[in-house]
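Q: model the structure of this input:
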Amino acid sequence: MSKKVESQRTDIYSRITDRILEDLASGVRPWMKPWNAANTDGRITRPLRHNGQPYSGMNVLLLWSEQMSRGFASSMWMTFKQALELEAAVRKGETGSTIVFASRFTKSEADGKGGEVDREIPFLKAYSVFNVEQIDGLPDHYYYRPAPAQDHVERIEQADRFFRNTGAVIRHGGNQAFYAPGPDLIQMPPFETFKDAASFYATLSHEATHWTAAENRVGRDLSRYAKDRSERAREELIAELGSCFLCADLGIAPELEPRPDHASYLQSWLKVLADDKRAIFQAAAHAQRATVFLHGLQPEAANFRDAA
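A: Numbering: from 1, shown residues only. Have a look, this model is predicted:
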């Protein structure tokens, strides 16, 4: 890889991470912005591509942040070219929002023994998208507001079914929520001890993300969780992002105030992200894999797409 390409990729990581660090330094978890007081009455979803497929991983965080900071009501985005293909046009003076595309390509290299080996090389590319509210001339259905959220009872029943379908062993009792890798179970305080149903399911989503780490699921290594503060902070960040992704998918508005045990991770997250500009990208990718795995355990799994 050329020094120029590597420098450009590093700059993307740094620019995005620095923006997230700014929010964290002021005590704001940027991935929680969609659920601020001004938006909890609406329907929270993942950001959507022009074809209705949801974005995933890091792009969810980037576009949630852009949507909230710029006041867009619509969750749908598209590129300049996609707008033109729909015979529409981005309004003059509008600025795009940065998202990223991560992939790998294979390169053959000499192995030092007269032969060649294939090596996978990761790459990251940044490009711009525009919210549909920045575009004129789109077909009418692009400007429609999302359908109202399901009623409260329906959302509770849907969430119950979702977690039941995972097959995870979930025990209730005590005053702590945690995933225990040894016995491979999720422990949850009684439902009645949470301030509301959304708080219960947001917490369960967090622990279910931890649950996916087992080797026979997505295979995330938790062996250093109890011994290494940095590794613990990384895993907790994955679980927090996984909870946000799942809450959006289930139509659940999570509790805005962090759990006391998770609030303590704020300083650790600041250090991890400052030391490793790729950490938030990796955490979002792990969270995405976890949510895809959980969705894959549902009867309707064929309808869930892992979009870029």
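
Q: tell me where the stretch 101-250 of the chain has strands.
A: For the stretch 101-250 of the chain, the strands defined by DSSP state E, counting those that start in this stretch occupy 116-131, 135-136, 170-172, 178-180, 185-188.

Q: take those strands and write them to a markdown table, including mean pLDDT, mean neighbour count and distance to Thr291.
A: To be clear about C-beta, it is placed using only N, CA and C from the backbone, and glycine gets the same treatment. Converted to a markdown table, the strands of the stretch 101-250 of the chain look like this (pLDDT from 0 to 100; neighbours: other C-beta atoms under 10 Å; distance: least, C-beta to C-beta, whole Å):
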| stretch | mean pLDDT | mean neighbour count | distance to Thr291 |
| --- | --- | --- | --- |
| strand 116-131 | 81 | 14 | 21 |
| strand 135-136 | 96 | 19 | 29 |
| strand 170-172 | 97 | 13 | 17 |
| strand 178-180 | 95 | 17 | 15 |
| strand 185-188 | 97 | 19 | 16 |
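
Q: now render those strands as CSV, adding distance to Ala102.
A: Formatted as CSV, those follow (distance: least, C-beta to C-beta, whole Å):
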stretch, distance to Ala102
strand 116-131, 5
strand 135-136, 26
strand 170-172, 33
strand 178-180, 28
strand 185-188, 30
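
Q: which one of those lies nearest to Ser205?
A: strand 185-188 (10.6 Å; C-beta to C-beta).

Q: got the contact list for Phe191?
A: 172, 197, 200 (C-beta atoms under 8 Å, 6 or more residues apart in numbering).

Q: where does the stretch 151-300 of the chain have low pLDDT?
A: The stretch 151-300 of the chain contains residues with pLDDT under 70 at 151-154, 254-263.

Q: how about the helices in it?
A: Remark: helices assigned in the stretch 151-300 of the chain by DSSP state H, counting those that start in this stretch are 152-166, 197-211, 229-250, 260-263, 266-275, 279-296.

Q: so the third one versus helix 197-211, what angle?
A: Inter-element angle recorded for helix 229-250 and helix 197-211: 130 degrees (by axes from the mean of the first three to the mean of the last three C-alpha atoms, to 10 degrees).

Q: my read: Tyr265 touches Glu235, true?
A: No - the pair Tyr265 / Glu235 is not scored as a contact, 9.9 Å apart, by C-beta atoms under 8 Å.

Q: those two: which has the busier surroundings?
A: Each of Tyr265 and Glu235 has its neighbours counted (other C-beta atoms under 10 Å); Glu235 has more, 23 against 20.

Q: and stretch 185-199, how far out from the chain's middle?
A: Put simply, stretch 185-199 sits 22 Å off its chain's centre (C-alpha atoms, centre = their mean, to the nearest Å).

Q: ends of that stretch, how far apart?
A: Length of stretch 185-199, first residue to last, C-alpha to C-alpha, to the nearest Å: 20 Å.

Q: what do you get for stretch 252-270?
A: Taking C-alpha to C-alpha, stretch 252-270 runs 27 Å from one end to the other.

Q: these two touch, right, Val117 and Glu109?
A: Yes - if you go by C-beta under 8 Å, Val117 and Glu109 touch, sitting 6.0 Å apart.
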